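Trainee: The following comprises the amino acid sequence and a computationally predicted model.
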Amino acid sequence: MYHELEVVYSPSFDQVHLALYRESYEVQCESIAANRTWAEAVLCCPKRWSSGATSSDSVKVGNRSNMDGHQIKMSGQTGDSMEQLPLSGYTVLDLSRYGPGPYCSMLLSDLGANVTVVDDGTPRDARGRRAATNSVEDLTAPLDYMRRNARRIALDLKHPDGKQVVQRLVAQADVLIESFRPGVAARLGLGYEELSERHPRLVYCSISGYGQDGPYRDRQGHDINYLALGGLLGLTGEPAGDPILPGTLVADLAGGGLPAAVAILGALLARERSGKGRYIDVSLQDGIVALLSPMIALAQAGWPAGRGTGVLSGGAPWYRVYRTADDRHVAVGAIEPWLFAELCRRLERPDWIDQQFDRSAWPEMQREMSTIFAGRTMDEWRDLLEDAGVCVTGVSTLDEMMRDPQLMERGTLGPQPAVADNIRSLPVMVTDPPRRAPSQPGADADEVLASLGFDEEERQRLRESGGVA
């Protein structure tokens with residue numbers, strides 16, 4: 001449903017921060033305080049305002065003033081699907097490419113933010129090694145589900161026209177996310193120092209493997225490298241075996257994209273009080289170390305901490321994975337003494353109850369538990385133990401997880417058959433986020449350019465020049 005609202009600003013509405021873009025006095029509202037009726041109406045709509053005149057009073061926009069006592073007209077979408085989303089009306093400009101950046105902007109878009117993605121519009125023959133094979137694109141294309149709810153435009157950020165378009169996008173943005181190697185954004189005229197002078201309310205988030213400083217800052221890397229140097233990879237696997245990779249992109253998602261989104265939310269909240277944006281430096285290696293803090297605390301308290309020997313990484317017989325008779329597995333997590341006691345009774349080994357924290361008994365207990373669990377199939381153990389309150393579960397395959405009745409009941413997987421684009425990224429919200437299917441790189445260029453004020457003739461010229469791919 002669309003509404004057009006006409007509002008007269010007066011000092012009684014307290015403080016309104018406005019960011020001017022273009023000479024036509026179209027303005028984007030960034031925050032509103034005090035008057036509930038007006039604020040609630042505005043927060044239901046994308047923040048696009050227009051006016052016909054200015055006056056000398058009240059609200060500063062850079063070196064300009066905006067209007068007092070003049071009508072401000074706003075058109076936008078309203079309704080329950082938008083107004084109940086926490087980030088409705090906030091604009092995110094995503095310059096990142098793979099992994100943590102897209103995951104971060106997906107989280108923000110699922111919370112209602114308007115996300116515009118700038119894809120690489122560099123001519124193919126200028127990309128060097130990136131154009132040598134399609135295999136990398138074949139690998140990364142399925143991950144484009146992270147671009148759901150986003151508009152996409154492909155720009156050559158070294159081309160004058162590409163630079164012009166991205167600067168207009170920056171002028172509209174509440175948040176900018178980039179994942180270039182340290183120093184590259186600044187060379188493109190998109191560094192924080194330069195942009196924050198013109199846009200002091202901008203929340204700017206850099207995501208990189210090792211951060212913006214330190215001896216590793218210029219190193220290239222992928223998830224496996226950050227896991228390795230962050231210490232997590234060295235803790236996975238059996239004591240006498242090789243480190244084993246986890247089954248998902250832990251560094252990209254949990255070590256980078258998620259903390260970046262949390263930091264951005266914190267910076268936006270702080271901006272409401274201070275009126276100023278923030279710079280956020282996200283390092284994936286730092287994120288992995290943060291995830292390891294429980295293991296570090298246990299090691300410093302004297303618990304075993306090596307690969308496969310840590311108390312929570314397979315060293316304790318009551319917290320590890322066991323093979324079953326059908327070559328499947330069960331996961332045992334009976335940490336609390338009362339859970340372990342019940343498990344011992346179910347396994348007909350009550351003599352183990354008093355030995356739970358006797359580390360000298362662990363090797364023999366683990367060998368005997370391995371023999372016991374190998375005596376039945378995974379489904380038989382599930383029938384016996386999953387509902388017994390002892391924290392023992394079967395180990396699901398990916399296909400089994402996608403049919404899990406608990407996940408289906410909660411709507412976590414979306415409509416069946418489940419696909420990645422429908423999997424909920426965040427806890428249940430009051431209203432599900434608006435759905436916009438992920439599009440191809442650059443597919444929404446015309447829509448994005450029109451929203452920036454470029455007319456049809458200008459849009460055609462930008463495409464022909466190569467600045468817009």
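Mentor: Happy to help now that I have it.
Trainee: who's sitting farthest from the centroid in the protein?
Mentor: Note on the chain: the largest C-alpha distance from the chain mean falls to Asp351, namely 47.7 Å (CA atoms, centre = their mean).
Trainee: List the contacts of that one.
Mentor: Residues near Asp351 by CB atoms under 8 Å, 6 or more residues apart in numbering: Cys344. Backbone N, C-alpha and C define where each C-beta goes, glycine included.
Trainee: which sections of this protein are below the confidence cut-off?
Mentor: 1-83, 124-135, 428-435 (pLDDT under 70).
Trainee: other SSEs contacting the longest helix seen in it?
Mentor: Secondary structure assigned by DSSP state H gives helix 258-274 as the longest helix of the chain. If you count contacts as 3 or more CB pairs under 8 Å, 6 or more residues apart in numbering; DSSP states H and E, helix 258-274 packs onto helix 100-110, strand 175-178, strand 203-208, strand 279-283.
Trainee: who's in contact with it?
Mentor: Residues from elsewhere that reach helix 258-274 (CB under 8 Å, 6+ apart): 31, 33, 90, 100-101, 103-104, 107-108, 174-175, 177, 201, 203, 205, 207, 276-278, 280, 282, 287, 290.
Trainee: Check these for burial and list the buried ones.
Mentor: Among the contacts of helix 258-274, those scoring as buried are 31, 90, 100-101, 103-104, 107-108, 174-175, 177, 201, 203, 205, 207, 277-278, 280, 282, 287 (criterion: 16 or more other CB atoms under 10 Å).
Trainee: how near is Met365 to Ala171?
Mentor: The gap separating Met365 from Ala171 is 65 Å, by CB to CB, to the nearest Å.
Trainee: and Ser370, what helix or strand is that in?
Mentor: Using DSSP states H and E, Ser370 maps to helix 362-373.
Trainee: got the buried residues for that helix?
Mentor: Taking 16+ other CB under 10 Å as the criterion, helix 362-373 shows 362, 365-366, 369, 373 as buried.
Trainee: mind saving the C-alpha coords of that helix as PDB?
Mentor: Presented in PDB, the C-alpha positions along helix 362-373 are these (Å, rounded to 0.1, in the frame of the first residue of the first chain):
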ATOM      1  CA  TRP A 362      38.700 -41.300  30.700                       C
ATOM      2  CA  PRO A 363      40.800 -43.400  28.200                       C
ATOM      3  CA  GLU A 364      39.300 -46.700  29.300                       C
ATOM      4  CA  MET A 365      35.800 -45.300  29.700                       C
ATOM      5  CA  GLN A 366      36.100 -43.900  26.100                       C
ATOM      6  CA  ARG A 367      37.200 -47.300  24.700                       C
ATOM      7  CA  GLU A 368      34.300 -49.100  26.400                       C
ATOM      8  CA  MET A 369      31.800 -46.500  25.400                       C
ATOM      9  CA  SER A 370      33.000 -46.900  21.800                       C
ATOM     10  CA  THR A 371      32.300 -50.600  22.000                       C
ATOM     11  CA  ILE A 372      28.900 -50.100  23.500                       C
ATOM     12  CA  PHE A 373      27.700 -47.500  20.900                       C
END
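Trainee: Contacts for stretch 359-366 next, please.
Mentor: Contact with stretch 359-366 is made by 304, 315-317, 320, 352, 355, as judged by CB under 8 Å, 6+ apart.
Trainee: which of those residues lies closest to Ser451?
Mentor: Arg320 (54.3 Å; CB to CB).
Trainee: I'd like to know how far the residue nearest to that closest one when sequence neighbours are not counted sits from Pro102.
Mentor: Using CB to CB, 6 or more residues apart in numbering and skipping residues adjacent in sequence, the residue nearest Arg320 is Gly314, 4.4 Å away. Note on Gly314: its distance to Pro102, by CB to CB, is 33 Å.
Trainee: of these two, who's got more company?
Mentor: Shown here are Gly314 and Pro102; by other CB atoms under 10 Å, Pro102 has more neighbours (27 against 21).
Trainee: Just give the nearest non-adjacent residue to that one, would you?
Mentor: Met146 (3.9 Å).
Trainee: Could you count how many residues lie near the one you found?
Mentor: With other CB under 10 Å as criterion, Met146 counts 26.
Trainee: residues touching it, list them.
Mentor: Contacts of Met146 (CB under 8 Å, 6+ apart): 102-103, 105-106, 438.
Trainee: Rebuild those as TSV, extending it with distance to Ala270.
Mentor: TSV is the format used below for the contacts of Met146 (distance: CB to CB, whole Å):
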residue	distance to Ala270
Pro102	25
Tyr103	23
Ser105	20
Met106	23
Pro438	31
